[in-house]
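>>> Next one to model:
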Amino acid sequence: MVKKQSAKKSHPPKPRPAPSKPADSPNPRINISFRSQQNLLDIFSSAFATVLSSGDFPNVLQEIKQALFNRDFAAAFGREDYLRAYAARWSPTRAICYASVFQGIRDHLTELEAPGYEVVAVDSDHVEPATADEKPSAPAGSSATASRTGTESNRTFRMLSIGGCAAEHAAFAQYLREAPQLSGRLTLIDSAPWSGVVTLLQDQLTTPPQISTFASEVAKASNSAFVKPSQLSVDFKQQDVLDLDLESLKHMIGKDPLVVTILFTLNELYTNGGLGKTTKFLGNLGQSLPNGSLLLVVDSPGSYSEATVGKEKKRYPMQWLLDHTLLSNKVSGIKWEKLESDESVWCRLSDELSYPMQLENMRYQVHLYRLEVQPPA
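Alright, predicted model coming up:
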């Protein structure tokens, strides 16, 4: 549980677990350092400072909670002020959780990093940089050499987050921050209007924080953004993924392998879209992804993630439905392999972490799959 920053108004203290020491990682299940966790919280407290200090903030939170309790996701995520309040209240903990998950599966994710090219100009300063998908080119009349340096620098990593926004955005930036030579391309797709939050958070992540004009020259020189603007690109698409047909999904994904994340969203898809449409979407996803792509699913554990099926309204665990859909896949040439799975993981935050409001610990289940596309015989 996070220590709340001091405020003018006082409230009765809530019971908290015994404080933990600010070690390199207060919880062995959190795979990022204490400093990294606090940095993420600082990003959110700065980006949503106006929201957190608003007198109407508690009322807005209560309205969101009621909508979530009723599983009325359209109401909970249908307004801009709700989205900003949600991002300020619940996304910080999830960002730490997701960043920890990404770090924990980094060995699998690094296999998706595409090598790029570095251009070294010999007699021209106007060489066009190359993307990860193409070789560099020099303008006519210039002389330049291009060397492939994907092992050490200019590598690209792609992620498609389905039903995600602020927490995934910040966690992805944290993943890139751990590897300065790695650039990332993040696509966020959600039916809710998150574009304003995406813009706000992207600015916060890629702009150096303001410091006093009286700061020392050393402090000014060391002041830098969370990640470099050139290191993180993000694209938000407001779209219900269950309405995407196979060709639209293929166009969005592209030809290069990537990781697709469905974080605290799959249960929502089963609830709102139904078993049939969600199963069809997962099938289309398997037919759209390039060979070697990964699928990461994180959601609430146990009975919190169950879907009601059929007229008899039988309840099935989300994990069972997911495994049944992917691992029992009958489409020729497509095979899913389950790489990692945990039905219950705690993300316990140190009391030494600081945020303008109290944040709770969270528990989740996590499953990682790899797609193998077999060429036709």
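>>> Check what contacts whatever helix or strand Leu61 lives in and list those residues.
Secondary-structure assignment from DSSP states H and E places Leu61 in helix 57-69. Outside of helix 57-69, the residues within contact range by CB atoms under 8 Å, 6 or more residues apart in numbering are Val51, Ser54, Phe73, Ala75, Ala76, Asp81, Tyr82, Ala85, Tyr86, Ala88, Arg89. For every residue, glycine as well, the C-beta is placed using N, CA and C.
>>> contacts for the top helix by length along the chain?
With DSSP state H applied, the helix covering the greatest number of residues in the chain is identified as helix 266-288. Contacts of helix 266-288 with the rest of the structure, by CB under 8 Å, 6+ apart, involve 71, 73-74, 163, 241-242, 244-246, 249-250, 253, 260, 262, 295, 297, 299-300, 304-307, 309, 318, 321-322, 325-326, 329, 331, 334, 336, 371.
>>> elements contacting the helix or strand following the helix holding Leu61?
In the C-terminal direction, the helix or strand that comes right after helix 57-69 (DSSP H and E) is helix 73-76. In terms of contact count using 3 or more CB pairs under 8 Å, 6 or more residues apart in numbering; DSSP states H and E, helix 73-76 is assigned the packing partners helix 57-69, helix 266-288.
>>> Turn the ones you listed into JSON lines, including distance to Leu109, mean neighbour count and mean pLDDT.
Shown next, in JSON lines, are those (distance: least, CB to CB, whole Å; neighbours: other CB atoms under 10 Å; pLDDT from 0 to 100):
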{"stretch": "helix 57-69", "distance to Leu109": "30", "mean neighbour count": "15", "mean pLDDT": "95"}
{"stretch": "helix 266-288", "distance to Leu109": "18", "mean neighbour count": "19", "mean pLDDT": "92"}
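>>> between those, which one is nearest to Ile105?
Closest of the helices and strands packed on helix 73-76 to Ile105 is helix 266-288, at 17.4 Å (criterion: CB to CB).
>>> CA atoms only: put the closest one into PDB for me.
These are the backbone C-alpha positions of helix 266-288, laid out as PDB (Å, rounded to 0.1, in the frame of the first residue of the first chain):
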ATOM      1  CA  LEU A 266     -10.600 -10.200 -21.800                       C
ATOM      2  CA  ASN A 267     -13.200 -10.700 -19.000                       C
ATOM      3  CA  GLU A 268     -14.800  -7.500 -20.200                       C
ATOM      4  CA  LEU A 269     -14.900  -8.800 -23.800                       C
ATOM      5  CA  TYR A 270     -16.600 -12.000 -22.600                       C
ATOM      6  CA  THR A 271     -19.100 -10.000 -20.500                       C
ATOM      7  CA  ASN A 272     -20.000  -7.300 -23.000                       C
ATOM      8  CA  GLY A 273     -19.400  -9.000 -26.400                       C
ATOM      9  CA  GLY A 274     -20.400 -12.600 -25.500                       C
ATOM     10  CA  LEU A 275     -18.600 -15.900 -25.800                       C
ATOM     11  CA  GLY A 276     -19.200 -16.200 -29.600                       C
ATOM     12  CA  LYS A 277     -17.800 -12.900 -30.700                       C
ATOM     13  CA  THR A 278     -14.900 -13.100 -28.300                       C
ATOM     14  CA  THR A 279     -14.000 -16.600 -29.400                       C
ATOM     15  CA  LYS A 280     -14.200 -15.500 -33.000                       C
ATOM     16  CA  PHE A 281     -11.900 -12.500 -32.300                       C
ATOM     17  CA  LEU A 282      -9.300 -14.700 -30.700                       C
ATOM     18  CA  GLY A 283      -9.500 -17.000 -33.700                       C
ATOM     19  CA  ASN A 284      -9.000 -14.100 -36.100                       C
ATOM     20  CA  LEU A 285      -6.100 -12.900 -34.000                       C
ATOM     21  CA  GLY A 286      -4.300 -16.300 -34.400                       C
ATOM     22  CA  GLN A 287      -4.800 -16.100 -38.200                       C
ATOM     23  CA  SER A 288      -3.500 -12.500 -38.300                       C
END
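>>> Run the chain-centre distance for the next helix or strand after that helix.
On the C-terminal side of helix 266-288, the nearest following helix or strand under DSSP H and E is strand 294-299. On the basis of CA atoms, centre = their mean, to the nearest Å, the separation between the geometric centre of strand 294-299 and that of its chain is 11 Å.
>>> For strand 294-299, buried residues please.
Buried residues in strand 294-299, counted by 16 or more other CB atoms under 10 Å: Leu294, Leu295, Leu296, Val297, Val298, Asp299.
>>> neighbouring contacts of stretch 325-334?
Outside stretch 325-334, the residues that touch it by CB under 8 Å, 6+ apart are 279, 282-283, 286-287, 295, 335-336, 338, 369, 371-376.
>>> can you pull the alpha-carbon coordinates of that stretch into CSV?
Taking C-alpha atoms only, stretch 325-334 is exported to CSV below (Å, rounded to 0.1, in the frame of the first residue of the first chain):
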residue,chain,number,x,y,z
THR,A,325,-9.9,-21.5,-27.7
LEU,A,326,-6.1,-21.2,-28.3
LEU,A,327,-4.7,-24.6,-27.4
SER,A,328,-7.5,-26.6,-29.0
ASN,A,329,-7.3,-24.5,-32.1
LYS,A,330,-8.3,-26.5,-35.2
VAL,A,331,-7.1,-24.0,-37.9
SER,A,332,-4.5,-25.7,-40.1
GLY,A,333,-1.0,-24.3,-39.8
ILE,A,334,-1.6,-22.4,-36.6
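>>> In it, which residues are buried?
Of the residues in stretch 325-334, those buried by neighbour count under the rule 16+ other CB under 10 Å are Thr325, Leu326, Asn329, Ile334.
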